[in-house]
Each structure stands twice: as structure tokens, then as C-alpha cells.
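Student: model the following, please.
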Amino acid sequence: MSRVDAHHHVWRPASAPPSATGSGPRRRVHEWLDAPGMAPLRRDFTLADLAPAARAAGIDRTVLVQVLPDIDETAEFLMLAAAGDVVAGVVGWADLTSDDLAGTLDALRAAPGGDHLVGLRHLVQGEPDPGWLNRPDVHRGLRTVAQAGLTYDLLVLPHQLPAAITAVRERPELTFVLDHLSKPPIATGELQPWASLVRELAALPNVFCKLSGMVTEAERHQWSVDALRPYADVVLDAFGPERVMFGSDWPVCLLAASYEEVVDAAEALTADLTAAERSHVFAVTAERAYGLGERDGRGRAGDGGPVGVVR
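Tutor: Got it, this is the predicted structure:
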């Protein structure tokens, strides 16, 4: 079965030594890598680094996701996608609050690889205002994203879920994708209030969820599938396999687990699903949410767009 990794990154930090695995985006300052515990990630990570691990796991297509709030990074990611046959879609960054967001999106789509632009994301988890998603200028930007036929990835923490619920409810024409289960407190084993909020979000038909980012929210290097299972079960039950997609969160996952271990964990967490349900988690959901079939010639796996919204 064709499989999709719906969430990974690449980067080349300005302070890192030259990569031995090939070129990638130009070097940029990644201040977030200066945080404690990030030393293993302070080097180049390119598509050439990802390729053997993904190939071994049976992954043949991916979604490359923005790292920095940098429009030039997005343009370079689109060029990377166009240069190969692995990256089927790019979730980039653009300023949602800009008066000319529509013009920016038009320019990205007209640039090399522009047909690989499938969505946008902002690092909402770093915004001090828990209601940032409900600001009028942000809502205007989300409306523009919908008009452009793109998805919007929600990178939010549990305390920001109420604002995400409001945003998703008020923009029913826009496809949303929740990244990393909203980063629940897996290390402490707490489920509430995260679980109730996720269920409230999942009740809205225009939002999907990525089964991703779990190992780094658990006790790193001491995590287990059993520790992850209660959180995976919540999203699989709340969204249904038809709205859940696998993402590795490589190379961030390497802080806690190898690519192979992340894939193995996802397979274990979905082992009780039917073959058809697993095919959604590992391919079909991502194809539908991001319209990947329209871009790689494989044909669409579903109606496209969010459940109830065709795009």
C-alpha cells in the first residue's frame, strides 16, 4: 500500500557544519534550536537524510511543513518539492494578518513548485495571546486561505484549543488539520481537559487530526506504546480513522525515537483497525485533506477537501 508521511521538516541552521548529504534550503538562524535539550537537532536535515528511513518504512510520499515564519523558506520548500518525486505537498507560512495575503499566495503559486502548495501554518503555540486565532485580522486571513482552496494546519497547545474550536466553527468552508494532537501532556499521563476539548473540536466536520508528535510529548527515551495509547485512542475515536493521518514529525522525533520507531508505534496504535481504516490513517486521509492526488497524478482517494466541503 502506498503510504504518506503527512508531517516532516527539513532545515539547515546557520550555525551547523556543512551537510554531507546534499543541498537543501539556504542556511537560516533557528533560534528555537538554542533551547536546552535541542543539541541533537543542531545540524542539517535534508530530504537526502530522510529518504532512506522513509523508504525502509514504505513511505513514498510526504508533506513538508514549514519551520520558520519566513516566506522565503516556503518558496524554497516549494522548489525542493518540484525537484523530486517524494514531497507531494508543502504546508508553508505566510502572514495571515497581511492586507495582501491573497497576493502573496498568488505569487507563491506562480513561483517554481507553486502547484505543491497545499496549506499554511503559523506557530500559534508561541503566541502569548491564547485567543490569537480569534483576532479579526486572523479570521480575515483564514477566510483568504479558504478562498485560495488551501488547508490550514493548527499548531496549538491544549490551552489554545478553545480558540481553535471557535475558529474552526466560524470558518466551515476551510479545511483545518490539527497538528500533533495539540501536544497533550503525555509525560504526566493527564487526559483532561485535553480529551474533552479534542472531542469538541472533532465534532466539527471540517477538521482533521495528525497522529504525530507524540513521542516528544512523552517521557523522552522512556516512552512506550502503552503510554501513547490513551491519547491515540481519544483521537481515533473522536475523529474516526477517516479524519486521522500519520505524521512522523521528523527530524524533531529524533529527540526521542528513530523514524522507524515512530512508524512502528503508529502501526501498533492502529493495529486493531480494519485494513481499510489503516489505509486512511497511512494515506487516504492525507490525500483527502491536502488534495495530494490532484498533484501527483495518482487520482483522488476521496471527494477532497474537508468532510462535507469539496475542494
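
Student: could you point out the longest helix in the protein?
Tutor: What stands out as the longest helix in the chain, according to DSSP state H, is helix 225-239.

Student: which parts of that one are buried?
Tutor: Of all the residues in helix 225-239, those buried under the rule 16 or more other C-beta atoms under 10 Å are Val225, Ala227, Leu228, Tyr231, Ala232, Val234, Val235, Leu236, Ala238, Phe239. Every residue, glycine included, has its C-beta placed from N, CA and C.

Student: among the residues you listed, which one sits closest to Gly291?
Tutor: Of all the buried residues of helix 225-239, Phe239 has the smallest distance to Gly291: 18.7 Å, by C-beta to C-beta.

Student: quick check: the closest one touching Phe208?
Tutor: Yes. Using C-beta atoms under 8 Å, Phe239 makes contact with Phe208 at a distance of 7.0 Å.

Student: I'd like the mean pLDDT over the longest helix of the chain, please.
Tutor: Helix 225-239 comes out with an average pLDDT of 98.

Student: next one: stretch 178-189
Tutor: pLDDT averaged over stretch 178-189 gives 98.

Student: chain center to it, what's the gap?
Tutor: 14 Å (C-alpha atoms, centre = their mean, to the nearest Å).

Student: same question for stretch 193-209.
Tutor: With C-alpha atoms, centre = their mean, you get 16 Å for stretch 193-209.

Student: and it, what's buried?
Tutor: Under the neighbour-count criterion of 16+ other C-beta under 10 Å, stretch 193-209 has Trp194, Ala195, Leu197, Val198, Glu200, Leu201, Ala202, Leu204, Asn206, Val207, Phe208, Cys209 buried.

Student: now the end-to-end length of it.
Tutor: 18 Å (C-alpha to C-alpha, to the nearest Å).

Student: next one: stretch 170-189
Tutor: Stretch 170-189 has an end-to-end distance of 32 Å (criterion: C-alpha to C-alpha).

Student: for stretch 219-226, same thing?
Tutor: Terminal residues of stretch 219-226 are spaced 12 Å apart (C-alpha to C-alpha).

Student: tell me which stretches of the stretch 201-311 of the chain form strands.
Tutor: Under the criterion DSSP state E, counting those that start in this stretch, the stretch 201-311 of the chain contains strands at 207-211, 244-246.

Student: so what strands line up beside the shortest one?
Tutor: This means strand 244-246. Strand 244-246 pairs in its sheet with strand 207-211 (parallel), by DSSP bridges.

Student: average pLDDT across stretch 279-297?
Tutor: For stretch 279-297, mean pLDDT rounds to 86.

Student: would a markdown table of the strands of the stretch 201-311 of the chain with distance to Ala107 and mean pLDDT be doable?
Tutor: Formatted as a markdown table, these follow (distance: least, C-beta to C-beta, whole Å; pLDDT from 0 to 100):
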| stretch | distance to Ala107 | mean pLDDT |
| --- | --- | --- |
| strand 207-211 | 27 | 98 |
| strand 244-246 | 28 | 98 |
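
Student: can you tell me which of those comes nearest to Pro172?
Tutor: strand 207-211 (10.1 Å).

Student: could you check the angle that closest one makes with helix 225-239?
Tutor: Here the directions of strand 207-211 and helix 225-239 differ by 170 degrees (axes from the mean of the first three to the mean of the last three C-alpha atoms, to 10 degrees).
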